[in-house]
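Engineer: Take a look and give me a structure for this.
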Amino acid sequence: LDGRPILARPPTAWYLARRFVLRHRWKTLFAAAISIVLSVAIGTALLQGRRAVERARESAALNRVILELIAPSDQWSKRLDIPLSEQLLAALQQRADHELADHPEARAMLQSAIGSRLSWMGRHERAVIPLQRSVDTWIESGLPEDDRFRNTMTHPIASLLDIQRSARAEALVERWLIDARTCAEQSAYHRVALLMTVAQTLDARSRFAEASERFESALRIMESVDPATWPTVGSMRVFALNRLSASMQAQGRLDEAEAIMREAMHAAKTLDPSDDWHHATYQNLGMLVAMRGGFEEAESLLRRAVELKSDAGDPAFIETLATRMNHAYVLTNLGRFDEAETILDDVLATVRSTGQTDGFRYGVMLLRRAQLTEAQGNIVRAAEEGKAALLELEHHLGGDHRLTLQANALLERCRLHPGQTDPAMPDED
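Structural biologist: Sure, this is the predicted structure:
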């Protein structure tokens, strides 16, 4: 009656258990409840652990997609055959913001990759937002600023600082400058990449002498690199020489700048013709020679740059159009106005029809067109075109940039010829 087993027959295990439960009903229920709670907790923990592993795998897979499909490769090579449009990149950015909300490192990498890709496509203004978000995401998420951070963020920070000033990015580079171990403990590739980032930051701050020192340090490291361990070191070296020459030009050291550019030209001829810095070196040397009055040689160099760039990619690509624009500028200075006008009008029409008017290069194109119009003697129209160019250049480059100053100088020359009329318009009787 009190729930104990009857001894008249051999008890079974089920019979003994049932009788035990009857005797200790509340204790048994409590123990069962505890067991259920523990089972649920253990099951939930295992499920969460499995999901965490899956998320880590997804994050790693995403990182591989970023590195292999979207961004320029780990060795600064920019040859991609994947047709990624701006619309696709924008959709990818929206999905990343939503689906990677709990994965700041993967989100930062994806943002930097999208920004780098847009920059490579010539969409510099649109590249600023994802590049800045990449830096902000890493910092605001409390991720450590360790070697992994520096290795991951060096390229996007360099791309960002090439486009516009960023106080946060510059502050990071400033800390890297102070920490001597940053360079000492890295591979040759990462030491060079970091030095180049620092140099470009200093360049953006008009600290050209310090920037030149960093470019030269990067070049010294590359001299001892075995190309077998870093296949694209040749391209990086040509890039560094181009940037060093530009920094020298900013200091007024034109003889040294030209000598460096000719060294870069010699090295560029060993690169694959499709390499970006093969054609860019022809263009940069041509513009430097033109600045020093050597327009005949400059025309030859820029014509070759146009051929190389047109062969390598889309003729409507902004970099190709910019090269053609520089060629037209030299033709203008040689007095070959018809050729220059044909090129400039075609370039501007292409830029407008493809919607590539959101960057500083559009302002430069307007300036080159105004300079051609001025050289043709059409001062009224040159002033109108010069005003449009000035608005674009001030917006994108600021009032003290040399191109903005050129636009102001053009307008001042037009102002000093108030009696000049548009030849296309008849004089009033």
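Engineer: Apart from its neighbours in sequence, what residue is nearest Arg292?
Structural biologist: Excluding the flanking residues, the one nearest Arg292 by C-beta to C-beta, 6 or more residues apart in numbering is Leu254, at 6.4 Å. In this view, the C-beta of every residue, glycine as well, is placed from N, C-alpha and C.
Engineer: What distance do you get for Phe337 to Tyr329?
Structural biologist: Distance from Phe337 to Tyr329, counting by C-beta to C-beta, to the nearest Å: 12 Å.
Engineer: Ok, Leu118 next?
Structural biologist: 26 Å.
Engineer: mind listing what Ala322 touches?
Structural biologist: Arg361, Val364, Met365 (C-beta atoms under 8 Å, 6 or more residues apart in numbering).
Engineer: Any stretches of the stretch 1-150 of the chain with poor pLDDT?
Structural biologist: The stretch 1-150 of the chain contains residues with pLDDT under 70 at 1-21, 24-25, 49-88, 119-125, 143-150.
Engineer: got the contact list for the residue nearest to Arg292?
Structural biologist: Contacts of Leu254 by C-beta under 8 Å, 6+ apart are Met248, Leu288, Met291, Arg292.
Engineer: how about the host helix or strand of Ala193 as PDB, C-alpha atoms only?
Structural biologist: In this structure, Ala193 sits in helix 188-204 according to DSSP states H and E. The C-alpha coordinates for helix 188-204 follow below in PDB (Å, rounded to 0.1, in the frame of the first residue of the first chain):
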ATOM      1  CA  ALA A 188      59.400  41.700 -47.400                       C
ATOM      2  CA  TYR A 189      56.000  42.000 -49.200                       C
ATOM      3  CA  HIS A 190      54.200  43.400 -46.100                       C
ATOM      4  CA  ARG A 191      57.100  45.700 -45.200                       C
ATOM      5  CA  VAL A 192      57.000  47.100 -48.700                       C
ATOM      6  CA  ALA A 193      53.200  47.400 -48.700                       C
ATOM      7  CA  LEU A 194      53.300  49.200 -45.300                       C
ATOM      8  CA  LEU A 195      56.000  51.600 -46.300                       C
ATOM      9  CA  MET A 196      54.200  52.400 -49.500                       C
ATOM     10  CA  THR A 197      51.000  53.100 -47.500                       C
ATOM     11  CA  VAL A 198      52.900  55.400 -45.100                       C
ATOM     12  CA  ALA A 199      54.600  57.100 -48.000                       C
ATOM     13  CA  GLN A 200      51.300  57.800 -49.800                       C
ATOM     14  CA  THR A 201      49.800  59.100 -46.500                       C
ATOM     15  CA  LEU A 202      52.800  61.500 -46.200                       C
ATOM     16  CA  ASP A 203      52.300  62.500 -49.800                       C
ATOM     17  CA  ALA A 204      48.600  63.300 -49.200                       C
END
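Engineer: before we move on, the earlier item: need the per-residue pLDDT for the residue nearest to Arg292.
Structural biologist: You'll see Leu254 listed with a pLDDT of 94.
Engineer: go on, the one 5 residues further on?
Structural biologist: At Ala259 the predicted local distance difference test score is 96.
Engineer: now swap in the one 5 residues further on and tell me
Structural biologist: We note a pLDDT of 96 for Ala264 in this prediction.
Engineer: That one: how many residues sit nearby?
Structural biologist: Neighbours of Ala264 under the rule other C-beta atoms under 10 Å: 25.
Engineer: Might one say that it is in contact with Arg243?
Structural biologist: No. Taking contacts as C-beta atoms under 8 Å, Ala264 lies outside contact range of Arg243: 9.6 Å.
Engineer: ok, and what's touching the helix or strand following the helix holding Ala193?
Structural biologist: Using DSSP H and E, the helix or strand that follows helix 188-204 in sequence is helix 208-223. Here helix 208-223 makes contact (C-beta under 8 Å, 6+ apart) with 188, 191-192, 195-196, 198-200, 202-203, 233, 236-237, 240-241, 243-244, 247-248, 250-251.
Engineer: other SSEs contacting the helix or strand following helix 208-223?
Structural biologist: Later in the chain than helix 208-223, the nearest helix or strand by DSSP H and E is helix 233-250. Counting contacts by 3 or more C-beta pairs under 8 Å, 6 or more residues apart in numbering; DSSP states H and E, helix 233-250 is packed against helix 188-204, helix 208-223, helix 254-268, helix 276-291.
Engineer: How about stretch 254-271, which residues are buried there?
Structural biologist: Buried residues in stretch 254-271, counted by 16 or more other C-beta atoms under 10 Å: Ala257, Glu258, Ile260, Met261, Arg262, Glu263, Ala264, Met265, Ala267, Ala268, Leu271.
Engineer: again, but for stretch 396-415
Structural biologist: Result for stretch 396-415 [16+ other C-beta under 10 Å]: buried residues His396, Leu397, Leu403, Thr404, Gln406, Ala407, Leu410, Leu411, Cys414.
Engineer: Next: stretch 307-326.
Structural biologist: Buried residues in stretch 307-326 (16+ other C-beta under 10 Å): 308-309, 312, 317-326.
Engineer: Quick check: buried residues in stretch 352-370?
Structural biologist: 356, 359-370.
Engineer: Contact partners for Ile260?
Structural biologist: Contacts of Ile260 (C-beta under 8 Å, 6+ apart): Leu241, Leu244, Ser245, Met248.
Engineer: how close does it get to Ser212?
Structural biologist: 10 Å.
Engineer: repeat for Ala218
Structural biologist: 11 Å.
Engineer: swap in Ala375?
Structural biologist: Ala375 is 34 Å from Ser212, by C-beta to C-beta.
Engineer: more neighbours, the two?
Structural biologist: Ser212 (24 against 14).
Engineer: how far away is Ile221 from Tyr189?
Structural biologist: 9 Å.
Engineer: list the contacts for the nearest residue to Glu263 once chain neighbours are set aside?
Structural biologist: Distances taken as C-beta to C-beta, 6+ apart place Leu241 nearest to Glu263, at 6.0 Å, with adjacent residues excluded. By C-beta under 8 Å, 6+ apart, the contact list for Leu241 reads Leu219, Ile260, Met261, Glu263, Ala264, Ala267, Thr281.
Engineer: Leaving out chain neighbours, which residue sits closest to the fifth one?
Structural biologist: Going back to what we said before, that points to Ala264. Leu241 is the one closest to Ala264 (C-beta to C-beta, 6+ apart), at 3.7 Å.
Engineer: Please tell me how far the one you found sits from Val380.
Structural biologist: On the measure of C-beta to C-beta, Leu241 and Val380 end up 43 Å apart.
Engineer: same question, Ser212
Structural biologist: Counting by C-beta to C-beta - Ser212 and Val380 are separated by 43 Å.
Engineer: Check Gln302 and give its pLDDT.
Structural biologist: You called it Gln, but residue 302 is Leu. So, for Leu302, pLDDT stands at 95.
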